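S.K.: A predicted structure for the sequence below; I have some questions about it.
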Amino acid sequence: MLAACGVESPEELFAHLPEAVRLQRPLQLPDGVSEYEIVDYFRRRGEANANGYASFLGAGVYAHYRPVLVDTVVSRGEFLTSYTPYQAEISQGTLTTIFEFQTMICQLTGMDLANASMYDGSTALAEAALMAARLTSRGGLLVSRAVHPEYRAVLRTYAKNQGMPVTEFGYDPETGGADLADLERKLNDLTAAVIVQSPNFFGVVENVDRAAALARARGALLVMGFTEAVSLGILAPPDADIIAGELQSFAISPSYGGPYAGIIATRDRFARQMPGRLVGETTDTHGNRAFCLTLATREQHIRREKATSNICTNQALIALMATVFMSVYGKQGLRELAEQNLAKAHYLAGKLQPRFAGPFFNEFVVRAPEDLNRALLERKIIGGLPLGRFYPELADTMLLCATEMSRRADMDRLAEVASSHVH
Amino acid sequence: MYPDDYRYTKEHEWVHVTGDTGTIGITDHAQHELGDIVYVDFKYGRETLKPGTRVEQGKTIGSVESVKAVSDIYSPVSGEVTETNQALAETPEKLNADPHGEAWLVKIRLSDPGEMANLLSAADYQSYIGAEK
Amino acid sequence: MSIKKVRSHLSVNEALLFERSSPGKKAYQLPALDVPPVDAGAALGAENVRAEIPGFPEVSEVEAIRHFTRLSTWNYAIDHGMYPLGSCTMKYNPRVNELVARTEGLAWAHPYQPESLSQGALGVMADLESALLEITGMDAVTLQPAAGAHGELTGILLIRALLERQGNPRKKILIPDSAHGTNPATAAIAGYVVENIRSDEHGLLDLCALERCVSEDVAGLMVTNPNTLGVFESRIMEAAEILHRKGALLYMDGANMNALVGIARPGDFGVDVMHLNLHKTFSTPHGGGGPGGGPVAVKAHLEPFLPVPRLKRAGGQWTLDYDRPQSIGKVKAFYGNFGVLVRALAYILAHGGNGLRAATMDAVLNANYIRRKLEPYFDLPYALPNMHEVVFSDERQARAGVRTGDIAKRLIDYGFHPYTVSFPLIVRGALMIEPTETEGKRELDLFIDAMISIAKEVESEPETVKSAPHATRTSRVDEVKAARKPVLKWTPA
């Protein structure tokens, strides 16, 4: 091969690089190690993380059982090691599964169309807000304080550079739901979108339809986010214009924060402003049904600076995990799964004092002294998320989550420690 | 191929004036370069282009999309929009079939007929696209 | 000429899940509830409870596994063979990476669990950060961005933050006309106006044009190096100086790092900020289109603006530092695509410094080998030395009415995924080829033979090429119909 290239050593192929840019020493990294050593390195890292704890953390990332079939499917090399399906003829596997994914998301959310996924729920929500701004030709964003704090932070980062002011409206201290009176006061003719999350960060189910009515009365769009996809199995699809959510609950490992998969779903008439990949149905030259990427003219590789977004990825493999999960659970299973979550969380809440009176799905806020979590850790329990770091006015509370994986014995133990900790 | 009584732009639009109204479209060369046309969008700035919209010569009045490309349409003349070709929403493929006739895009009541002097004649346009190749 | 790499094979047909569905079928099992059931209407309010999910599938486990397995057999993948896609760096995805990413303590880690119980995960991130700094020659790195384009956005926002601090964010970002589409899209989302810079007659950055364009209105230049022709921008240091003299910054798109690792470091040639693509250079799997990872590495003057939190060492422990008053904030919830970071670190550990450099050498050798072998058959529009990828044009074949897209489709019949078609835009009818270091001579020779055979077919039987592919399960799809009348989900008949 070197001969074919007309050189005697591979170094010569780099000779044209200016001396000044060349690295004049080897990279200061340890030598390469064997497979066993790599496995061992990560085993040790894994051991330095929590193992064998019962966790009651939710707050945007949920512990749900991952059916075995999920990894079986995504481990197939044809899915794992394939490229973006630009060449439809040799990517029908990927394209078909994405089409199924888009369909199931529409069925779950009650929307007309859904894209092939965004990076995660937080960026999906930010992109949905920008989409609403393009659709209304307005710039103001009104977001509920009961939307996940990190999602609101990401929203600000995206909105700031488009010159879009972000205003927050509060939550009702009794119910824990969005304060719709505050929303109404803050709505004006510059509002592009009203953004709520349901169930919200506190786990409370929002009155989305009412918020939507208020928004639309002022010509704004209603954007609804969600972080707990399992709730879609039991909660009625809301009357939103754009839905932006996180699918981590659908067999995606918590994995210390990522990779996850977000989605945007919307109404037909907003289709052309929706960012992200879309797969459409068509036929091949023999009239067989086939799928392909479509409406690509919205995207960066064609529209460049006029694109709806700069996004180039869809979280295909992650979305596939969710697709397999949805197929395994199916129509009945998602319902039963949601009912189990509801039962577990309400059982636990029944033994504690929820801070808010609003209806909740599988998360709720309780009063909790600062050192409760420390006491729980001693019993090998990871308690809820102390809310003081995001909501100073809720400094004496924590957000607890129970899922189908939460065992009664652990919940009883948590309640026991909590009650003996009352000052 | 390129009617003598039309005028053309370097951005591959044509305009055909009768009375005080100019009918505007894209040229056969443009539709050929784009390939199969899938969508036409009428937009002026952030607003939808519709009867009553006032446009300026040279400003974007929308875009034409094929599967793999998008092309902006620039208005050859200034004036007030009187009509946009709504049939193209259902059948954008007409732009490939009859770009100089049935698939006109927009009709504008000219505010400054003198602008026509800036535009290319059929012969000049044909030389221009011949040179472009 | 016979096709050596593939021959036909039966593949099973498969309908959509919804078409396979039957009421009452299930593939799931849930344990019995160990707590009392709750009436949903009572707990949530009757108006909040949904009716059943219309049309949602109900299949058995056997149907589910057959469904996905059958579909998978319709895909091409790296595990089958080479992907010559330019600027995609489709290298082998090591399986040990998949195993370690599933290490229980890491895979089940919740981002909000106590830091004392997250030292393993934080240690992984710390090790990756320091390896990436050594590789790039930069001073600080964030692992938060979820993909390359996301990293680009982060990088441009960092530039904006620095300039804002100095009193004026400026208005424009300069982008070469050879750039990847994400570059201008990113600049626009970051609130900048894009100004295109033409490449010179060699396909390189035109420094005269740059000199003319850089003003105090320009925030920065986004450059890919080597560029999208696979050619190293030999005057990059001069370009950096031109920018820095006017207070503008140099952003480097790291998509082509596979040509530089161990050979040259962007931090050494004037780059202020850059992103890396873990799913390209660092072997994390594409998975059919994601997830990726787009870490952003910066020089010290941009460090204060990095997204929050930053990894910090305090009292012998790793901790997440949120006290960063000048940070641009967050670009994504939590800390980054941790599962992807694990895979990238595993790749780096496996190779070590010497291995990474050797990989780069192989990648460049492979691309040059392809160039030499195909030069007699395809036009090479720019004659400069190429690195890890090579770009041909379809000029010669176009005379017979055959374009790069047709050649790409015919390549499928030969058992290969197409190369990158029609990009970069500065080449008419581009064929952009990047083999990566993964490919041995045998696969490369099969690819070269295939391309030569197709070049000959263009002369003797162009119609075969123009109507390709012929041997695939699905023939050319009607993309026009899909765009004119979009059908974006299944609906019951």
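M.R.: Great, that's in hand.

S.K.: who's in contact with C:R235?
M.R.: C:L204, C:L205, C:L207 (C-beta atoms under 8 Å, 6 or more residues apart in numbering or on different chains). No exception for glycine: its C-beta is placed from N, CA and C like everyone else's.

S.K.: now that we have those residues, which one has the most neighbours?
M.R.: C:L205 (25 neighbours; other C-beta atoms under 10 Å in any protein chain shown).

S.K.: so how far is C:I197 from that residue?
M.R.: 7 Å (C-beta to C-beta, to the nearest Å).

S.K.: Overlap in contacts, those two.
M.R.: In contact with both C:L205 and C:I197: C:P176, using C-beta under 8 Å, 6+ apart.

S.K.: Could you break chain C into its assigned domains?
M.R.: C:17-72, C:96-349, C:354-479 (automatic domain parsing).

S.K.: Would you tell me which one of those domains is buried the most?
M.R.: domain C:96-349 (a mean of 22; mean count of other C-beta atoms under 10 Å in any protein chain shown).

S.K.: Tell me which stretches of chain C form strands.
M.R.: In chain C, strands defined by DSSP state E lie at C:140-142, C:172-176, C:193-197, C:218-224, C:249-253, C:273-275, C:296-298, C:310-314, C:317-321, C:390-393, C:420-421, C:430-433, listed in chain order.

S.K.: do the stretch 201-350 of chain A as well
M.R.: Counting by DSSP state E, counting those that start in this stretch, residue ranges of the strands within the stretch 201-350 of chain A are A:221-226, A:242-246, A:262-266, A:279-283, A:289-293.

S.K.: State the helix or strand in which B:D72 lies.
M.R.: strand B:70-74 (DSSP states H and E).

S.K.: Following element in sequence after that strand, please.
M.R.: In N-to-C order, the element after strand B:70-74 by DSSP H and E is strand B:79-84.

S.K.: Report all helices and strands that that following strand contacts.
M.R.: strand B:54-55, strand B:106-110 (3 or more C-beta pairs under 8 Å, 6 or more residues apart in numbering or on different chains; DSSP states H and E).

S.K.: what sits up against the longest one?
M.R.: Right, strand B:106-110. B:17, B:20-24, B:42, B:49, B:55, B:61-62, B:75, B:77-85.

S.K.: strands paired with that strand, and their directions?
M.R.: Using DSSP bridges, the strands paired with strand B:106-110 are strand B:21-26 (antiparallel), strand B:79-84 (antiparallel).

S.K.: out of the ones you listed, deepest packed?
M.R.: It is strand B:21-26: most buried of these by mean count of other C-beta under 10 Å, with a mean of 23.

S.K.: Could you list the buried residues of the helix or strand following it?
M.R.: Downstream of strand B:21-26, the next assigned helix or strand under DSSP H and E is helix B:28-34. Residues of helix B:28-34 classed as buried: B:D28, B:H29, B:A30, B:Q31, B:L34 (neighbour count, 16 or more other C-beta atoms under 10 Å in any protein chain shown).

S.K.: Now do the worst-scoring helix or strand of chain B on mean pLDDT: which elements does it pack against?
M.R.: For chain B, using mean pLDDT, DSSP states H and E, the weakest element among its helices and strands is strand B:47-48, scoring a mean of 84. In terms of contacts (3+ C-beta pairs under 8 Å, 6+ apart), strand B:47-48 is not packed against any helix or strand.

S.K.: one step back: so which of the strands paired with strand B:106-110 comes closest to A:P386?
M.R.: strand B:79-84 (58.3 Å; C-beta to C-beta).

S.K.: Next one: C:H202 from chain B, what distance?
M.R.: 23 Å (C-beta to the nearest C-beta, to the nearest Å).

S.K.: Over to C:E479?
M.R.: On the measure of C-beta to the nearest C-beta, C:E479 and chain B end up 5 Å apart.

S.K.: Could you pull up the residues touching that residue?
M.R.: So C:E479 contacts A:A88, A:T282, A:C292, A:T294, B:V67 (C-beta under 8 Å, 6+ apart).

S.K.: Surely the last one is in contact with B:Y39?
M.R.: No. Look at B:V67 against B:Y39 with C-beta atoms under 8 Å: they stay out of range, at 9.8 Å.

S.K.: so how many other residues sit close to the closest residue in space to B:L119 that isn't next to it in sequence?
M.R.: Spatial nearest neighbour of B:L119, excluding adjacent residues (C-beta to C-beta, 6 or more residues apart in numbering or on different chains): B:R7 at 3.8 Å. Applying other C-beta under 10 Å, we find 24 residues neighbouring B:R7.

S.K.: thought B:R7 was touching B:A123?
M.R.: No. B:R7 lies out of contact with B:A123 (C-beta under 8 Å); the separation is 11.4 Å.

S.K.: Just want the most central residue of chain B.
M.R.: B:G25 (2.8 Å; C-alpha atoms, centre = their mean).

S.K.: List the residues that contact A:R413.
M.R.: Per C-beta under 8 Å, 6+ apart, neighbours of A:R413: A:A54, A:R379, A:I381.

S.K.: Out of these, the closest to C:A430 would be?
M.R.: Closest to C:A430, out of all of these and judged by C-beta to C-beta, is A:A54, at 56.5 Å.

S.K.: mind checking how far B:N96 is from chain A?
M.R.: 16 Å.

S.K.: isn't that residue right next to B:Q31, touching?
M.R.: Yes. With contact defined as C-beta under 8 Å, B:N96 reaches B:Q31; the gap is 5.1 Å.

S.K.: picking up where we left off before, will you turn the strands of chain C into JSON lines that also has distance to chain B?
M.R.: Listed next are those as JSON lines, based on distance: least, C-beta to the nearest C-beta, whole Å:
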{"stretch": "strand C:140-142", "distance to chain B": "34"}
{"stretch": "strand C:172-176", "distance to chain B": "18"}
{"stretch": "strand C:193-197", "distance to chain B": "15"}
{"stretch": "strand C:218-224", "distance to chain B": "21"}
{"stretch": "strand C:249-253", "distance to chain B": "22"}
{"stretch": "strand C:273-275", "distance to chain B": "26"}
{"stretch": "strand C:296-298", "distance to chain B": "30"}
{"stretch": "strand C:310-314", "distance to chain B": "39"}
{"stretch": "strand C:317-321", "distance to chain B": "41"}
{"stretch": "strand C:390-393", "distance to chain B": "16"}
{"stretch": "strand C:420-421", "distance to chain B": "10"}
{"stretch": "strand C:430-433", "distance to chain B": "13"}
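
S.K.: Okay, now stretch A:216-230: how far is its last residue from its first?
M.R.: End-to-end span of stretch A:216-230 (C-alpha to C-alpha, to the nearest Å): 28 Å.

S.K.: from the middle of its chain, how far away would it be?
M.R.: Averaging C-alpha positions (C-alpha atoms, centre = their mean, to the nearest Å) puts stretch A:216-230 15 Å from its chain's average.

S.K.: same check, this time on stretch A:329-342
M.R.: With C-alpha atoms, centre = their mean, you get 19 Å for stretch A:329-342.

S.K.: is it anywhere near chain C?
M.R.: Yes. Legend: contact between stretch A:329-342 and chain C by C-beta under 8 Å from any C-beta of the partner chain is shown at A:Y329, A:G330, A:K331, A:Q332, A:G333, A:L334, A:R335, A:E336, A:L337, A:E339, A:Q340, A:L342.

S.K.: biggest separation within those residues, which pair?
M.R.: The widest separation within the residues of stretch A:329-342 next to chain C (C-beta to C-beta) is 18.6 Å, between A:G330 and A:L342.

S.K.: Chain neighbours aside, what residue packs nearest to A:T84?
M.R.: Nearest non-adjacent residue to A:T84 (C-beta to C-beta, 6+ apart): C:G289, at 4.1 Å.

S.K.: Which parts of the stretch 151-300 of chain A are helices?
M.R.: For the stretch 151-300 of chain A, applying DSSP state H, counting those that start in this stretch gives helices covering A:180-186, A:208-217, A:300-303.

S.K.: As JSON lines, these with distance to C:T420 would be great.
M.R.: JSON lines is the format used below for the helices of the stretch 151-300 of chain A (distance: least, C-beta to C-beta, whole Å):
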{"stretch": "helix A:180-186", "distance to C:T420": "48"}
{"stretch": "helix A:208-217", "distance to C:T420": "43"}
{"stretch": "helix A:300-303", "distance to C:T420": "11"}
